[in-house]
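S.K.: Sharing a model prediction with you, sequence too.
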Amino acid sequence: MFGHSLGGATAAATMLIDRRLDAGLDMDGSLFGKVAVTGLEKPFMLFSADPGFRRNPNLAQFWGHLKGHRYAVDFAGAAHLAFTDLVFLVPQLAGTREAAAQARIQPLVGTIDPTTAYAAERAYVLAYFDRTLKNRGPIPTRINAFPGVRATGREVAR
């Protein structure tokens with residue numbers, strides 16, 4: 001199960017109570033409730049906008065409580081809504097009479113290149129779920145093809 005923002009927090013919270021879920025991913029969502037302080041025993045991945053998961057007290061605390069495979073991917077230059085389709089609107093609005101809209105959206109998505117953000121999200125999501133659910137493919141922390149995108153993690157013996 002995965003989601004962005006509240007959807008990602010919901011994925012973590014649901015994994016704590018629903019044993020049918022084998023892996024989860026949170027795209028820049030703040031964790032809350034019991035899962036935030038107890039963590040999970042199953043694989044979990046965090047996507048984090050600037051300044052990164054280690055500098056976000058909420059995510060850093062949750063990371064410390066994860067007992068299964070854990071991975072985190074920091075997206076330099078990304079703001080919270082860079083993990084949505086809005087990231088593609090900023091360049092499209094540039095140079096149009098909608099420059100005021102661009103100025104309002106830019107701080108919400110950050111300065112990350114939309115193509116890089118989208119390609120990195122797809123690559124890491126696919127690698128993560130292939131690895132955790134199918135036991136195949138590269139370890140997600142070994143994907144380093146995207147400028148400004150940095151992964152870290154730990155795999156534990158099963």
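M.R.: Nice, thanks for sending it over.

S.K.: Can you classify the residue nearest the centre of the chain as helix, strand or coil?
M.R.: Against the mean C-alpha coordinate of the chain, by C-alpha atoms, centre = their mean, the closest residue is residue 47 at 1.7 Å. At residue 47 the chain is in strand, as set by DSSP: H, G, I helix; E, B strand; the rest coil.

S.K.: next one: residue 37
M.R.: For residue 37, the assignment made with three-state DSSP gives helix.

S.K.: ditto for residue 71
M.R.: strand.

S.K.: For it, which non-adjacent residue is closest in space?
M.R.: Using C-beta to C-beta, 6 or more residues apart in numbering and skipping the chain neighbours, the partner closest in space to residue 71 is residue 153 (3.6 Å). Using the backbone N, CA and C atoms, a C-beta is placed for each residue, glycine as well.

S.K.: Who are the packing partners of the strand or helix carrying residue 8?
M.R.: Assigned by DSSP states H and E, residue 8 belongs to helix 6-17. Secondary-structure packing of helix 6-17 (3 or more C-beta pairs under 8 Å, 6 or more residues apart in numbering; DSSP states H and E): strand 2-4, strand 24-27, helix 34-38, strand 44-48.

S.K.: who touches the third one?
M.R.: Counting by C-beta atoms under 8 Å, 6 or more residues apart in numbering, helix 34-38 makes contact with 12, 13, 15, 16, 58, 61, 62, 65, all of which sit outside it.

S.K.: Now, of these, which are buried?
M.R.: Using 16 or more other C-beta atoms under 10 Å as the burial test, the contacts of helix 34-38 include 12, 13, 15, 16, 62 as buried.

S.K.: quick one: the helix holding residue 8 to strand 44-48, angle?
M.R.: Between helix 6-17 and strand 44-48, the angle comes out at 160 degrees (axes from the mean of the first three to the mean of the last three C-alpha atoms, to 10 degrees).

S.K.: how far does helix 6-17 sit from the chain's center?
M.R.: 13 Å (C-alpha atoms, centre = their mean, to the nearest Å).

S.K.: number of nearby residues for the closest residue to residue 58 other than its chain neighbours?
M.R.: In space, and not counting its chain neighbours, residue 58 is closest to residue 30: 4.8 Å by C-beta to C-beta, 6+ apart. The number of residues packed near residue 30 is 16, by other C-beta atoms under 10 Å.
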